[in-house]
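>>> got a sequence here, can you model it:
(chains A, B, C and D)
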There are 4 protein chains.
Amino acid sequence: MDPFAYVREDFARNTFMSFIGATIDVPAAGQCVIRVPYKPELTQQHGYFHGAMSGAVADVACGYAALSVEPPGTSVLAVEYSIHFLEPALGEALIGRATVIRKGKRLITCRCDILVERDGVEMLTGAVLETVTARAPGS
Amino acid sequence: MDPFAYVREDFARNTFMSFIGATIDVPAAGQCVIRVPYKPELTQQHGYFHGAMSGAVADVACGYAALSVEPPGTSVLAVEYSIHFLEPALGEALIGRATVIRKGKRLITCRCDILVERDGVEMLTGAVLETVTARAPGS
Amino acid sequence: MDPFAYVREDFARNTFMSFIGATIDVPAAGQCVIRVPYKPELTQQHGYFHGAMSGAVADVACGYAALSVEPPGTSVLAVEYSIHFLEPALGEALIGRATVIRKGKRLITCRCDILVERDGVEMLTGAVLETVTARAPGS
Amino acid sequence: MDPFAYVREDFARNTFMSFIGATIDVPAAGQCVIRVPYKPELTQQHGYFHGAMSGAVADVACGYAALSVEPPGTSVLAVEYSIHFLEPALGEALIGRATVIRKGKRLITCRCDILVERDGVEMLTGAVLETVTARAPGS
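So this is what the prediction gives:
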């Protein structure tokens, strides 16, 4: 049985994520990987993944990493994030790998690396810190 | 004659912006407004504009506000931004209004308000600070 | 009667603030001004106010702006902030002017301008966005 | 011979750092550790290290980590940082451990963990991402 089925089900209802072709993986509690394969529609004027895509994979990876340490039925909401762009995101896929670094009662802090896969090799293209707020089911 | 034609032309080559249906306005040097009308594909699981859309309008508005204070041919690139989500982005359009608050030789700092238009009224849904780097033409 | 006496009393117990000689003003609910007069001990190697001082005045101004919209007895705690340095902080006094831009049940978001007073004129040297969490008295 | 002597000499001229009793260590190029022993003057109203101290150790650790990858004589300046507070900073010493995660020609990005030493054990209390700008000697 998949202990993170509720995380995947929530992701499946995320219209924008299917619009851009993103997939999710939850390797363990407090971890989440979002992957977006290259499509010309997702680029900016130089052919790189658009900065908005980097923000999207990081924000979504952090949100679901946070959800994976909460019971099913919890609502999570991003409070804020800070994103640092390190290298142009040029490659076959854009990947966000988020990890919970602090779980409080209502606030969860995540760190996320943004990577681009180029010729099968992953390279760091961005770094994110995000605060997520969690609301218990029925509250 | 439009002094910001080069800004609009750069925006027109931004594939992701046309993919989501965004428009641009440059009311004055150092100011830029990006507007995205509501589409179901741009929402998350509760029907609000996806957080990635808030990041996108802010990041793009800051980048073009920065470009508007530089000569044509300059390349601008986001270094980082910090985004704070204030209210759910529920409405007919999502708007980013960016202003340059400091122009250095190579680094430009922008402030951006993210607004949502609901029943014709604009409401603040997010706040952003962004650093942009500029590279002179041919350098 | 001063409606913000509880804010000032909390500030008076803030050891580090007296150590650096800071003063507080709460002009209205949701607003706070922190002022630190120049002292050589508060500078870095070029004679400007140390970056830590900019962080300090902004963080403290945001915390007390947040406290001023909560009932007496509330505890406030900074969750995170993002600070952008605009100009060197060279002058007779360093000032943080914070304003609450969103008050939720438990999370309060503030914007803060950091100014330096030089020859009697205030100049913008930094910009901050901060998230504060509030805990009700006795909870 | 110490290859980072120029980093330590710059630190020694940092008045605010001696005022608070901070020490520096540069274990390798691109790494810097700043340590501040507990003093009552550096606390806030609950006896923890003041948030300004967390900002200070992180900001200074990032600045000198950046300087350690540049030639002697280079000037470094913080552009911005984002700080996330994870746990109250209660302990005998506050420590910032910074690492350069990207070195560009003029912009350097650092990640910094903020730790508190309590009963000889280090605990994570904060996380920072910072952008630093470097100016070559004589430019």
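>>> please make it C-alpha for all contacts and neighbour counts, starting now.
Will do.
>>> buried set for the longest helix seen in chain A?
Longest among the helix segments of chain A by residue count, using DSSP state H, is helix A:51-67. Neighbour counts over helix A:51-67 (16 or more other CA atoms under 10 Å in any protein chain shown) mark A:51-67 as buried.
>>> any residues of chain A in contact with chain B? List them.
Within chain A, the positions lying close to chain B (CA under 8 Å from any CA of the partner chain) are A:10, A:13-17, A:19, A:40-45, A:50-53, A:55-56, A:59, A:78-86.
>>> check those residues for burial and list the buried ones.
A:10, A:14-17, A:41-44, A:50-53, A:55-56, A:59, A:78-86.
>>> tell me which of those residues fall in strands.
Assignment to strands by DSSP state E places the following of those there: A:78, A:79, A:80, A:81, A:82, A:83, A:84, A:85.
>>> strands paired with the host helix or strand of residue A:24, and their directions?
Element membership of residue A:24, judged by DSSP states H and E, is strand A:23-25. Next to strand A:23-25 in the sheet, as set by DSSP bridges, lie strand A:31-37 (antiparallel).
>>> got the angle for the partner strand vs helix A:51-67?
Going by axes from the mean of the first three to the mean of the last three CA atoms, to 10 degrees, strand A:31-37 is angled at 150 degrees with respect to helix A:51-67.
>>> mind checking the pLDDT average for strand A:31-37?
Across strand A:31-37, the average pLDDT comes to 98.
>>> so who does the residue positioned nearest the centre of chain A touch?
Residue closest to the mean C-alpha point of chain A, counted by CA atoms, centre = their mean, is residue A:61 at 1.7 Å. The neighbours of residue A:61, taking CA atoms under 8 Å, 6 or more residues apart in numbering or on different chains as the test, are A:32, A:33, A:34, A:96, A:97, A:98, A:112.
>>> hang on, the earlier thing: how about the ones in strands among the buried ones among the residues of chain A next to chain B in a markdown table, adding pLDDT and distance to residue A:120?
Formatted as a markdown table, these follow (pLDDT from 0 to 100; distance: CA to CA, whole Å):
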| residue | pLDDT | distance to residue A:120 |
| --- | --- | --- |
| A:78 | 96 | 31 |
| A:79 | 97 | 34 |
| A:80 | 98 | 32 |
| A:81 | 98 | 29 |
| A:82 | 98 | 28 |
| A:83 | 98 | 24 |
| A:84 | 98 | 23 |
| A:85 | 97 | 21 |
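>>> which one of these sits closest to chain D?
Proximity of these to chain D was ranked by CA to the nearest CA; the top entry is residue A:82 with 6.6 Å.
>>> nearest residue to whichever residue of chain A sits closest to chain C in space, please, no chain neighbours.
Shortest chain A-to-chain C distance, computed as CA to the nearest CA: residue-wise this is residue A:82, at 7.7 Å. In space, and not counting its chain neighbours, residue A:82 is closest to residue B:82: 4.2 Å by CA to CA, 6 or more residues apart in numbering or on different chains.
>>> for that neighbour, give me its contacts.
Going by CA under 8 Å, 6+ apart, residue B:82 touches A:80, A:81, A:82, A:83, B:128, B:129, B:130, C:82, D:82.
>>> so where do the helices sit in chain A?
For chain A, the helices defined by DSSP H occupy A:5-12, A:15-20, A:51-67.
>>> now, the most widely separated pair of the contacts of residue A:61?
Greatest spacing in the contacts of residue A:61, by CA to CA: A:34 and A:112 (10.5 Å).
>>> higher neighbour count, those two?
residue A:112 (27 against 24; other CA atoms under 10 Å in any protein chain shown).
>>> give me the pLDDT for the more buried one.
Here, the pLDDT recorded for residue A:112 equals 98.
>>> would you mind measuring from it to residue C:11?
From residue A:112 across to residue C:11, the span is 36 Å (CA to CA, to the nearest Å).
>>> contacting residues around stretch A:8-15?
Against stretch A:8-15 from outside (CA under 8 Å, 6+ apart): A:17, A:18, A:24, A:64, B:40, B:41, B:42, B:43, B:44, B:45.
>>> quick one: mean pLDDT for it?
On average, stretch A:8-15 scores 93.
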